[in-house]
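**Student:** Pasting the sequence and the predicted coordinates here, then a few questions.
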Amino acid sequence: MRVVLTPEAKADIIQAATWYAQRSARAAEAFLGAVGVTFRRIEAQPTAQVVVDAATGARRALLRKFPHRVLYLIDDDRLVVFAVMHHRRDAPAWRERLEH
């Protein structure tokens, strides 16, 4: 399976990386690296992550060393990442994306 990002998920990653880059180039690089590691982890074991929405089957994978989560759906041979959000963002923020 391969990871496919929605435009919203791409924007989430860019926004977070920009925030980290304003503090430290090293932090931004580490964040992007953690995102990549998480993508590889879900590609290797897509069903190993926690289901956070039973109706849609949406799953959550946590980034290591960063307070963010990757939210994705398993769609045939694709893993559709629809959000990469900070833990403090509430569930309605990503649940609204499932409705589209």
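**Tutor:** The structure has been received and is ready for your questions.

**Student:** In the chain, where is pLDDT below threshold?
**Tutor:** 91, 100 (pLDDT under 70).

**Student:** Leaving out sequence neighbours, find the closest residue to the residue nearest in space to the middle of it.
**Tutor:** Centroid-nearest residue in the chain, with Cα atoms, centre = their mean: Val70, separated by 2.0 Å. Distances taken as Cβ to Cβ, 6 or more residues apart in numbering put Ala61 closest to Val70, at 4.6 Å, once the chain neighbours are dropped. For glycine as for every other residue, the C-beta is placed from the backbone atoms N, C-alpha and C.

**Student:** For the one you found, grab phi and psi.
**Tutor:** Backbone torsions of Ala61, given as degrees, to the nearest 10, read phi -120, psi 130.

**Student:** do the one 10 residues further on as well
**Tutor:** Per-residue torsions, Leu71: phi -110, psi 130 (degrees, to the nearest 10).

**Student:** Report the contact partners of it.
**Tutor:** Val52, Ala58, Arg59, Arg60, Val81, Phe82, Ala83, Val84, Met85, Trp94 (Cβ atoms under 8 Å, 6 or more residues apart in numbering).

**Student:** Quickly note the distance from Ala11 to Glu99.
**Tutor:** Distance of Ala11 to Glu99, computed by Cβ to Cβ, to the nearest Å: 18 Å.

**Student:** more neighbours, these two?
**Tutor:** When Ala11 and Glu99 are compared for neighbours, Ala11 comes out ahead with 13 against 6, by other Cβ atoms under 10 Å.

**Student:** Show me what whatever helix or strand that one lives in packs onto, helices and strands only.
**Tutor:** Taking DSSP states H and E as the definition, one finds Ala11 inside helix 7-23. When contacts are defined as 3 or more Cβ pairs under 8 Å, 6 or more residues apart in numbering; DSSP states H and E, helix 7-23 packs onto helix 25-44, strand 78-86.
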